[in-house]
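Student: Quick one, what's the 3D model for this:
(one chain, ligands or ions: 1)
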Amino acid sequence: SKPVVLQMGAYPEWNEVPLSAQYDLRRYFEAADKEAFLAECGAEVRAIATRGELGASRKIIEACPNLELISIYGVGFDAVDLEACRERGIQVTNTPDVLTGDVADLGVAMMLAVARGIVGAEAWVRGGQWAAKGNYPLQRRIWGKKAGILGLGRIGFEIAQRLRGFGMDIAYSDVAAKDYAADLTFIADPVALARHSEFLFVALAASGQTRHIVNREVIEALGPEGVLVNVSRASNIDEAALIAALQDGRLGAAALDVFDNEPQIDPRFLELPNVLLQPHQASGTVETRKAMGELVRNNLAAHFAGQPLLTPVV
Ligand code: 8YV
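Tutor: Numbering: from 1, shown residues only. A predicted model of the protein is given here:
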């Protein structure tokens, strides 16, 4: 019989079909009464297949006494209670590398869209204002400007690689200077990095230590002409401080792919003209999601074959 896998969220059909061929999937996200559902199948569950933003809480982990592995469809593991996993020797895997390029691409695309007013300009053409009123208001230059990257991991580094093509002056902040980034400026303090930057990218793996690392001080240091781009996790930014700064013009603009309480985002965002809103889609290409699904399955297969996991979370 197939191992029982608790599935926390939906996957595209081409990920779902091969997964259900190998495992007895129990679809948590479809259950009307989640508690009753867990009470009924929890003891049979040997693995959890989840998504980056959904993770697995202590409550869910505790409802599965025979759980061996949590396989995340996503690189971020902040939504999985790692402490609860450690206590019981439950292994956790994620999908690094395969999504790095896509996340960097979208971050850069968001910068371009905000600075050059691409979304508003498109509406200007489509709405007939070009013909009726004339040219679109002038926008801001990107090439040659100063960029800051908060978190120079895999994704942050790929953002830097792309920004080099725009001739940008690139600085970054991380826990320590990186030997693979000798030609970039290291500025340890996030406030100093923001002060130095015209565009600030947040590409940090989220944890309790990084919570609200982009606080009011960082936002104000970026300033009224600055643009903040977030393709990491909402928890890295103090969202209340961000909204207030966008409302008062203490921050120029923001481009966000992630939000507190997504997809029920703070409705004040919808009223702001100086924010670009994306539906947590930075890794959302067919190519990457296929690779992520394959890695989820390969980690599950390795585990059940007693082989080393491909991408264990450290
Ligand atoms: C999501 C992500 O996992 O990689 C991550 O950490 O947040 C995303 O790639 C994706 O939306 C699939 O759930």
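Student: Can you tell me which residues in the stretch 51-200 of the chain are near the ligand?
Tutor: Within the stretch 51-200 of the chain, the positions near the ligand by Cβ under 6 Å from any ligand atom are R51, G52, E53, Y73, G74, V75, G76, L99. Where C-beta positions appear, they are placed from N, C-alpha and C, glycine not excepted.
Student: What does S197 show for phi and psi?
Tutor: phi -100, psi 150 (degrees, to the nearest 10).
Student: ok, now how distant is the closest residue to it other than its chain neighbours from the ligand?
Tutor: Leaving out its chain neighbours, the residue that sits closest to S197 by Cβ to Cβ, 6 or more residues apart in numbering is G148, at 3.2 Å. In this view, G148 and the ligand are 22 Å apart by Cβ to the nearest ligand atom, to the nearest Å.
Student: R289 too?
Tutor: 7 Å.
Student: That residue: what's it in contact with?
Tutor: P12, N15, S283 (Cβ atoms under 8 Å, 6 or more residues apart in numbering).
Student: which of the residues you listed come close to the ligand?
Tutor: Near the ligand, by the rule Cβ under 6 Å from any ligand atom, you find S283 out of these.
Student: Now the buried members of the contacts of R289.
Tutor: N15, S283 (16 or more other Cβ atoms under 10 Å).
Student: secondary structure element for the residue nearest the centre of the chain?
Tutor: Geometric centre of the chain, nearest residue: S232, 3.6 Å, by Cα atoms, centre = their mean. Element membership for S232 (DSSP states H and E) is empty, with no helix or strand holding it.
Student: what do you get for I170?
Tutor: Going by DSSP H and E, I170 is part of strand 169-173.
Student: same question, L19
Tutor: Here L19 is assigned to helix 13-22, by DSSP H and E.
Student: so how many other residues sit close to the residue nearest to E225 when sequence neighbours are not counted?
Tutor: Leaving aside its sequence neighbours, E225 sits nearest to G252 (Cβ to Cβ, 6+ apart; 4.9 Å). A total of 20 residues lie near G252 under the criterion other Cβ atoms under 10 Å.
Student: show me what contacts G252?
Tutor: Here G252 is in contact with L222, G223, P224, E225, G226, V227, N274 (Cβ under 8 Å, 6+ apart).
Student: A253 and V114 touch, don't they?
Tutor: Yes: in this structure, A253 is within contact of V114 by Cβ atoms under 8 Å, at 5.1 Å.
Student: Mutual contacts of the two, please.
Tutor: V227, L276.
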